[in-house]
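S.K.: Dropping a prediction and its sequence here:
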Amino acid sequence: MKVVSDTTPILSLSSIHKLDILRLLFNQLYIPRAVHQEMKTKKLSAYREIDADWFKVIDIKGTDYLGFLLNDLDAGEAEAIVLAREIKADILLIDERIGYDIAKNQNIFATGTLAVLLMAKQKGIIQKVKPLLDEMIQKGRWYSDKTRESFLKRIGEL
């Protein structure tokens with residue numbers, strides 16, 4: 001299974017020391033060069049971990065579409081969408097709504113960090129989503145109260 005990720009899902013899970021969820025779920029994660037550079041230059045959470053062998057950094061080939069995407073997205077989000085198209089990824093991990101919508105319109109299966117937590121629960125990697133979600137929020141990851149509550153209700157944790 002080919003899974004491409006934007007920066008935010010990696011940062012969100014790294015901030016709560018649960019980056020291994022991605023490795024356990026997907027075995028390997030493809031990230032575009034822009035995501036790697038963003039994490040390295042800003043020394044963001046997980047900036048050391050993304051050099052692990054289960055992260056595969058790939059340079060995108062097509063830049064025409066990238067220019068169009070950069071009108072609405074940052075470089076990491078835009079390159080993640082282009083990379084997902086180029087390698088025919090099974091899943092694109094992206095949390096930003098505009099990027100998610102653009103990916104869906106391009107027939108790319110996109111999902112976010114909340115869905116990753118739910119997958120991890122369903123596969124027995126974690127027991128509960130709520131404590132991890134609350135910790136991510138405490139560490140600065142923003143979800144509206146409505147999103148948090150409706151998600152937790154839907155998965156039976158509220």
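M.R.: Thanks, I have the structure now. If you're wondering where the values come from, they're calculated on a predicted model, not measured in any experiment.

S.K.: lowest-confidence helix or strand of the chain?
M.R.: Of all the helices and strands that make up the chain, the one with the lowest confidence by mean pLDDT, DSSP states H and E is helix 64-69; it has a mean of 81.

S.K.: I'd like to know which elements that one is packed against.
M.R.: Contacts of helix 64-69 with other secondary structure elements, assessed using 3 or more CB pairs under 8 Å, 6 or more residues apart in numbering; DSSP states H and E, are made with helix 75-86. Yep, even glycine has a C-beta here, placed from its N, CA and C like the rest.

S.K.: quick one: the helix it packs on to chain centroid distance?
M.R.: Using CA atoms, centre = their mean, to the nearest Å, we find the averaged C-alpha position of helix 75-86 to lie 12 Å away from the chain's own average C-alpha position.

S.K.: Name the residues that touch that helix?
M.R.: Residues from elsewhere that reach helix 75-86, judged by CB atoms under 8 Å, 6 or more residues apart in numbering: 4-7, 30-35, 38, 58, 60-62, 65-66, 69-70, 73, 89, 92, 94, 96, 98-99, 102-103, 106, 108, 110.

S.K.: In the least confident helix or strand of the chain, which residues are buried?
M.R.: Of the residues in helix 64-69, those buried by neighbour count under the rule 16 or more other CB atoms under 10 Å are 66, 69.

S.K.: what comes into contact with it?
M.R.: 60, 77, 78, 79, 81, 82, 85, 102.

S.K.: follow-up on the earlier one: mark which of the contacts of helix 75-86 are buried, thanks.
M.R.: Buried members of the contacts of helix 75-86, scored by 16+ other CB under 10 Å, are 4-7, 30-32, 34-35, 38, 58, 60, 66, 69, 73, 89, 92, 94, 96, 99, 102-103, 108, 110.

S.K.: Endpoint to endpoint, stretch 151-158 covers what distance?
M.R.: From the first residue to the last, stretch 151-158 extends over 9 Å; the measure is CA to CA, to the nearest Å.

S.K.: next one: stretch 11-29
M.R.: In stretch 11-29, first residue to last residue: 14 Å (CA to CA).

S.K.: pLDDT on that stretch, on average?
M.R.: Along stretch 11-29, the predicted confidence averages to a pLDDT of 96.

S.K.: Give me the contacts around it.
M.R.: Surrounding stretch 11-29, the residues in contact under the criterion CB under 8 Å, 6+ apart are 1, 3-5, 9-10, 39, 44-46, 49, 52, 54-56, 91, 93, 95, 113, 116-117, 119-120, 123, 125-126, 132, 135-136, 139-141.
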